[in-house]
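Participant: Curious how this folds, go ahead:
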Amino acid sequence: MRSYYSYGKVALAVADGRVANASDGLPDNTPGHGESFQPAVPISLETVAGNKITLDLGGGQFAYYMHLQPGSLRVKEGDHVRRGQVVARIGASGDAREPHLHFEVTTSSKLLAGEGVPYLIDRYRCKSASDGRMELHIRELPLENSVVVFGEDRSQLPQ
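Facilitator: Alright, predicted model coming up:
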């Protein structure tokens, strides 16, 4: 797992909000695709998102963090979070074929029940897979196959 760039990197609160729900306890999967993918637990509606956090951002918008590393959640239901606060670490739980963070903003606190909400990221640095240069982007969404750095590198924070 540790050979994957994103594994164990921190997930940060996208905005001030309240934790609508947080669930932990599902193991990470061994990475694999196609027939080589053998999920650590059977995939169902309850396990598809893996270890997850849902933040109530207000105004009928909810931010989802899915496929988190087991045992890494630093918040629980009802907690208030501040933008930029570490909430968990990236893992490969649920229906994840390799470590990654599935992040989305929707209109419902119930998984798969809401409509996706478009959003822009205030500021980030990005390295495209094609040329490898780091560039500053403001109020955009990253393009496919990009490596994105938000704020300072917090990957060295204690477990």
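Participant: Return the distance of D79 relative to T54.
Facilitator: Distance of D79 to T54, computed by C-beta to C-beta, to the nearest Å: 12 Å. Where you see a C-beta, it was placed from the backbone N, CA and C, and this is true even at glycine.
Participant: can you list residues touching both of those two?
Facilitator: V19 (C-beta atoms under 8 Å, 6 or more residues apart in numbering).
Participant: Show me which of those two is the more surrounded one.
Facilitator: With neighbours defined as other C-beta atoms under 10 Å, D79 and T54 compare such that T54 has more, 24 against 15.
Participant: Once you drop chain neighbours, what's closest to the more buried one?
Facilitator: Nearest residue to T54, sequence neighbours excluded (C-beta to C-beta, 6 or more residues apart in numbering): A20, at 4.4 Å.
Participant: Adjacent strands (with direction) for the host helix or strand of that neighbour?
Facilitator: Take DSSP states H and E as the rule and A20 turns out to sit in strand 17-23. Using DSSP bridges, strand 17-23 pairs in its sheet with strand 51-58 (antiparallel), strand 80-81 (antiparallel).
Participant: Just confirm the residue nearest to T54 contacts F62, I think it does.
Facilitator: Yes. Look at A20 against F62 with C-beta atoms under 8 Å: they come within range, at 6.2 Å.
Participant: quick one: average confidence on the strand holding A20?
Facilitator: The predicted model gives strand 17-23 an average pLDDT of 98.
Participant: buried set for it?
Facilitator: G17, V19, A20, N21, A22, S23 (16 or more other C-beta atoms under 10 Å).
Participant: CA atoms only: put that strand into CSV for me.
Facilitator: The C-alpha trace of strand 17-23 is given here as CSV (Å, rounded to 0.1, in the frame of the first residue of the first chain):
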residue,chain,number,x,y,z
GLY,A,17,-19.1,22.4,9.1
ARG,A,18,-20.6,19.7,11.3
VAL,A,19,-19.9,16.0,11.0
ALA,A,20,-23.2,14.5,9.9
ASN,A,21,-21.8,11.0,10.1
ALA,A,22,-18.6,9.2,10.3
SER,A,23,-18.0,5.4,10.0
